[in-house]
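Novice: Got a sequence here, can you model it:
(chains A, B, C and D)
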There are 2 protein chains.
Amino acid sequence: MVIRLLLADDQVLVRDALAALLDLESDLSVVATVGRGDEVVGAARAHAPDVCLLDLEMPGLDGVEATSAVRAALPGTRVLIVTTFGRPGYLRRALDAGAAGFVVKDIPAAELVEAVRRVHAGLRVVDPTLATESLLGGTSPLTERETEVLRRALEGAPVARIAASLHLSPGTVRNHLSSAIGKTGTTTRVEAARTAQDRGWL
Amino acid sequence: MVIRLLLADDQVLVRDALAALLDLESDLSVVATVGRGDEVVGAARAHAPDVCLLDLEMPGLDGVEATSAVRAALPGTRVLIVTTFGRPGYLRRALDAGAAGFVVKDIPAAELVEAVRRVHAGLRVVDPTLATESLLGGTSPLTERETEVLRRALEGAPVARIAASLHLSPGTVRNHLSSAIGKTGTTTRVEAARTAQDRGWL
DNA sequence: GGCCGGGGATGACAGCTGTCACGGGCAGGT
DNA sequence: ACCTGCCCGTGACAGCTGTCATCCCCGGCC
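Specialist: Here you go, the predicted structure:
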């Protein structure tokens, strides 16, 4: 009785390497690998995996959206997020989307294998260091508009361009930015955008 | 006659996975793995690898610095950069530092294995798509000071803080920023910093 | 010597930013 | 009906930014 796995990661080499590693285990078998979030559900339908290992950063659909899609299309399939970034906010959103586990790419291979087995057994697997940070970081205090504005401020765009791209008045954009700067405890919009991103609020 | 490999990557899982993948090849053998740039030379001395596979982003020393260190300490050892980011400037600096090859983590496993064999055989291996972009991007037109100032502008710090951290007058910092903005064809310092980073000028 | 590029600095000026006060509209609670 | 929170907008104001002109010093080069 082997556990059937689907692997999704945008970097081909990482995908191949993880496949090689997981296939070394006698009770695991990689039955499909994809490089885009929007290919996950199709591949899952075709190959009926027990567990999907998803990266968060993928073209098409991101990992969280792909998780929702898998849970909706194939409720019996379990999802384990395997990601580079340990942003606390991602953890919360991934679990909300129905992920059964969340680990960063900074764990030894043996722990990943163990995580896969636990997830398949119906247990939740959460990176312990992130779990505490998640509670510490808390939910985003930003409103929807503030989030939207901050996201476009990340690259340093001037207010005029942000306002135009959102069809808003420049004054309104500045108000949202000012509010976001206050909530993040920073002094410029770029700093606000970066710290918000670090906390997973974007 | 097997090719002895040293693997350096800050993410344990990626390291383990690549090791598993490369060990599948009968003519390759991973003899050491490290997670920090400043551990590369020590491990290389201890295990005498033929080829070092280095990530660019590592704590301690980055991949380019580690390459220089390996070339200086063990001239016979060849270095292959294996990295996530295909920034053209990185390629140039890596080759200048003495790397024999440069590939991104977006290639199939078979190509990585082939790259290792070519590097060991004394050939240069360069990701072809990056090679053209590298010539297109060209050398950085930024002066040393401009580079320094831009690097600190990346996170959105105000001029006053940049000036203080470099022991410069605020006016001078603004002059450097203005010049850098002109050279990058942007309108704000954060945009200038980001495009400069994209082109590997930082 | 004369010339040029880089670094450092000052002063001035238009325009952009961040803050605040204030107004209005719209949903969700009590 | 009332209050609260979010959204959108305006106007004003101090302060920051980006640009430009103009200095100075220094080292390299013809």
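Novice: so what's the spatially closest residue to A:P158 that is not a sequence neighbour up against?
Specialist: Counting by Cβ to Cβ, 6 or more residues apart in numbering or on different chains, B:T188 is the residue found nearest to A:P158 once chain neighbours are left out, at 5.9 Å. C-beta: built from backbone N, CA, C; applies to glycine. Going by Cβ atoms under 8 Å, 6 or more residues apart in numbering or on different chains, B:T188 touches A:G156, A:A157, A:P158, B:I181.
Novice: what's the distance between A:A20 and DNA strand C?
Specialist: 48 Å (Cβ to the nearest atom of the strand, to the nearest Å).
Novice: typed the wrong thing, it's A:E148
Specialist: On the measure of Cβ to the nearest atom of the strand, A:E148 and DNA strand C end up 15 Å apart.
Novice: ok, is the host helix or strand of that residue in contact with DNA strand D or not?
Specialist: Assigned by DSSP states H and E, A:E148 belongs to helix A:144-153. Yes - contact of helix A:144-153 with DNA strand D (Cβ under 7 Å from any atom of the strand) involves A:E144, A:R145, A:E146.
Novice: residues from chain A in reach of DNA strand C?
Specialist: For chain A, the contact set with DNA strand C under Cβ under 7 Å from any atom of the strand comprises A:158-160, A:170-171, A:174-175, A:177-178, A:181-182, A:187-189.
Novice: Show the buried residues in those.
Specialist: With burial judged by 16 or more other Cβ atoms under 10 Å in any protein chain shown, the buried subset of the residues of chain A next to DNA strand C is A:V159, A:L177, A:I181, A:T188, A:R189.
Novice: Get me the contact residues on chain A for DNA strand D.
Specialist: Counting by Cβ under 7 Å from any atom of the strand, chain A sits next to DNA strand D at A:T143, A:E144, A:R145, A:E146, A:L168, A:S169, A:G171, A:T172, A:R174, A:N175, A:H176, A:T188.
Novice: and with 10 Å instead?
Specialist: Chain A has residues A:141-149, A:156, A:158, A:163, A:166-176, A:178-180, A:187-188, A:190 near DNA strand D, with proximity defined as Cβ under 10 Å from any atom of the strand.
Novice: in chain A, which residue is closest to the centre?
Specialist: Closest to where the C-alpha atoms of chain A average out (Cα atoms, centre = their mean) is A:L56, at 3.6 Å.
Novice: how near is that residue to DNA strand D?
Specialist: Distance of A:L56 to DNA strand D, computed by Cβ to the nearest atom of the strand: 24 Å.
Novice: just A:A66 next, same as before
Specialist: 26 Å.
Novice: Let me know the secondary structure of that residue.
Specialist: Following DSSP: H, G, I helix; E, B strand; the rest coil, we place A:A66 in the helix state.
Novice: Make sure it is actually in contact with A:R36.
Specialist: No - here A:A66 lies out of contact with A:R36, judged by Cβ atoms under 8 Å, at a distance of 9.1 Å.
Novice: Let me know whether the longest helix along chain A sits next to chain B.
Specialist: Ranked by residue count, the top helix of chain A under DSSP state H comes out as helix A:170-184. No - using Cβ under 8 Å from any Cβ of the partner chain, helix A:170-184 stays clear of chain B, coming no nearer than 10.5 Å.
Novice: Which strands or helices does that helix pack on?
Specialist: Applying 3 or more Cβ pairs under 8 Å, 6 or more residues apart in numbering or on different chains; DSSP states H and E, one finds that helix A:170-184 contacts helix A:144-153, helix A:159-166, helix A:189-198.
Novice: From the chain's centroid, how far away is the first one?
Specialist: Relative to its parent chain, helix A:144-153 has a centroid offset of 19 Å by Cα atoms, centre = their mean, to the nearest Å.
Novice: List the buried residues for it?
Specialist: Buried positions in helix A:144-153, judged by neighbour count with 16+ other Cβ under 10 Å: A:R145, A:E146, A:E148, A:V149, A:L150, A:R152, A:A153.
Novice: And for the shortest one?
Specialist: Using 16+ other Cβ under 10 Å as the burial criterion, the residues of helix A:159-166 that qualify are A:V159, A:R161, A:I162, A:A163.
Novice: go on, the last one?
Specialist: Judged by neighbour count using 16+ other Cβ under 10 Å, the buried positions of helix A:189-198 are A:R189, A:V190, A:E191, A:A192, A:A193, A:R194, A:T195, A:A196, A:Q197.
Novice: That one near chain B anywhere?
Specialist: Yes - counting by Cβ under 8 Å from any Cβ, chain B has neighbours in helix A:189-198: A:R189, A:V190, A:E191, A:A192, A:A193, A:R194.
Novice: Can you lay out the buried residues of helix A:189-198 as a markdown table showing pLDDT and distance to B:G98?
Specialist: As requested, the buried residues of helix A:189-198 are arranged in a markdown table below (pLDDT from 0 to 100; distance: Cβ to Cβ, whole Å):
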| residue | pLDDT | distance to B:G98 |
| --- | --- | --- |
| A:R189 | 94 | 41 |
| A:V190 | 95 | 36 |
| A:E191 | 94 | 38 |
| A:A192 | 94 | 41 |
| A:A193 | 94 | 38 |
| A:R194 | 93 | 34 |
| A:T195 | 91 | 38 |
| A:A196 | 90 | 40 |
| A:Q197 | 87 | 35 |
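Novice: Sounds good, over and out.
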